[in-house]
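**Q** Make a model of this:
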Amino acid sequence: MPTTDLLEKYKIYLLLEQGLSENSRSAYERDVVRFLEYVAEEGLEVLAITLPDLHRYTSWLAEIGAAPRSVARMLSGVRSFYRFLQLNGHVAQDPTELLESPRLPAHLPQVLTLDEVERILAAIDLSLPEGQRDHCMIELLYSCGLRVSEICDLRLSDLFLKDEERYIRVTGKGNKQRFVPISDRAIHELHNWFDTRRDIRIKPEEEDYVFVSARRGRHLSRITVFHNIKQYVQTAGIEKEVSPHTFRHTFATHLLEGGASLRAIQKMLGHESIGTTEIYTHLDSRFLREQVLTCFPRNRAERAEQEQG
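**A** Below is the predicted model:
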């Protein structure tokens with residue numbers, strides 16, 4: 001039975017047999033859809049999932065930055081889905097029976113130094129189309145603080161590069177949009193990638209995506225981004241555990257160390273609040289751009305060179 005049909009039957013099962021609230025049903029459905037996307041991207045069969053497959057999925061969730069509580073909730077959705085599959089005879093055994101929620105220790109997020117960021121970028125082979133693409137992509141992850149899903153979903157129509165104040169429009173969690181300033185270096189990397197991108201045969205329905213596969217002509221999956229970054233980190237000889245989300249943490253940390261306002265960082269990362277008592281503050285775009293230009297280490301260095309010149 002096609003996965004889409006199984007998902008529709010599961011939705012009916014949640015509605016009629018589980019007595020869940022609408023919010024709980026929606027959360028389960030989202031978590032199962034996310035899991036099914038992972039299964040498809042990994043080339044797995046949903047009816048042949050094993051416990052080791054589930055362990056790898058759990059690790060992947062943690063590696064892309066999901067909080068322990070979020071991981072536990074998402075696994076609850078997967079457990080519910082496989083209970084449904086077993087009850088309805090689609091699988092003989094529930095692979096989630098022995099799956100435990102991870103006890104992930106609370107720890108500070110991994111952060112790179114500026115030198116380590118540069119070493120990772122230097123490890124990329126720019127003679128390859130994929131190298132030009134990934135060099136640009138990592139620059140945007142670092143200098144704009146994007147989530148991996150946001151970089152994969154970034155569209156050409158989200159780029160505003162010609163105006164005096166240059167930004168990218170980012171669609172984050174809950175389809176909420178924000179505008180993030182983009183540096184001259186990041187724009188330069190985009191133009192380098194565009195020079196290569198125009199020679200790629202991109203499928204018509206994929207033409208608006210910024211980052212596409214040179215071989216398949218489709219936009220990148222999160223797993224591809226994660227895998228490629230792991231390769232570059234290894235080539236660079238960096239022993240830290242680095243994921244796409246590490247560049248987002250590094251962006252925020254470097255801004256904070258440079259003296260940026262905590263509320264400005266909050267706004268650029270797309271966080272609704274700093275804490276439960278934080279007062280929502282509207283920050284205008286000019287202020288956000290000035291914070292990036294004056295507090296981000298790479299931009300400070302470029303400004304200093306321009307002033308000396």
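
**Q** For the rest of this, base every contact and every neighbour count on C-alpha atoms.
**A** Will do.

**Q** As a check, name the ranges of all helices in the stretch 51-200 of the chain.
**A** Using DSSP state H, counting those that start in this stretch, the helices assigned to the stretch 51-200 of the chain run over residues 51-63, 68-87, 114-122, 129-144, 148-153, 184-197.

**Q** and the direction of the third one versus that of helix 129-144, what angle?
**A** Which is helix 114-122. Relative orientation of helix 114-122 and helix 129-144, computed by axes from the mean of the first three to the mean of the last three CA atoms, to 10 degrees: 160 degrees.

**Q** Pull out the buried residues from helix 114-122.
**A** Within helix 114-122, the residues that count as buried by 16 or more other CA atoms under 10 Å are Glu116, Val117, Arg119, Ile120, Leu121.

**Q** now stretch 206-213
**A** For stretch 206-213, a neighbour-count test (16+ other CA under 10 Å) marks Glu207, Asp208, Tyr209, Val210, Phe211, Val212, Ser213 as buried.

**Q** Now do the domain split for the protein, please.
**A** The chain breaks down into these domains under automatic domain parsing: 3-87, 114-308.

**Q** Let's have these in JSON lines, adding mean pLDDT.
**A** JSON lines is the format used below for these (pLDDT from 0 to 100):
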{"stretch": "domain 3-87", "mean pLDDT": "86"}
{"stretch": "domain 114-308", "mean pLDDT": "84"}
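
**Q** mind putting those domains in CSV, distance to Glu100 included?
**A** Converted to CSV, the domains of the chain look like this (distance: least, CA to CA, whole Å):
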stretch, distance to Glu100
domain 3-87, 9
domain 114-308, 23
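
**Q** right, and those - which one's nearest Pro95?
**A** domain 3-87 (5.5 Å; CA to CA).

**Q** first vs last residue of that closest one, how far apart are they?
**A** Terminal residues of domain 3-87 lie 17 Å apart, using CA to CA, to the nearest Å.

**Q** quick one on the thing from earlier: just the buried residues of helix 114-122 now: which is nearest Lys173?
**A** Of these, the one sitting nearest to Lys173 (CA to CA) turns out to be Val117, at 25.8 Å.
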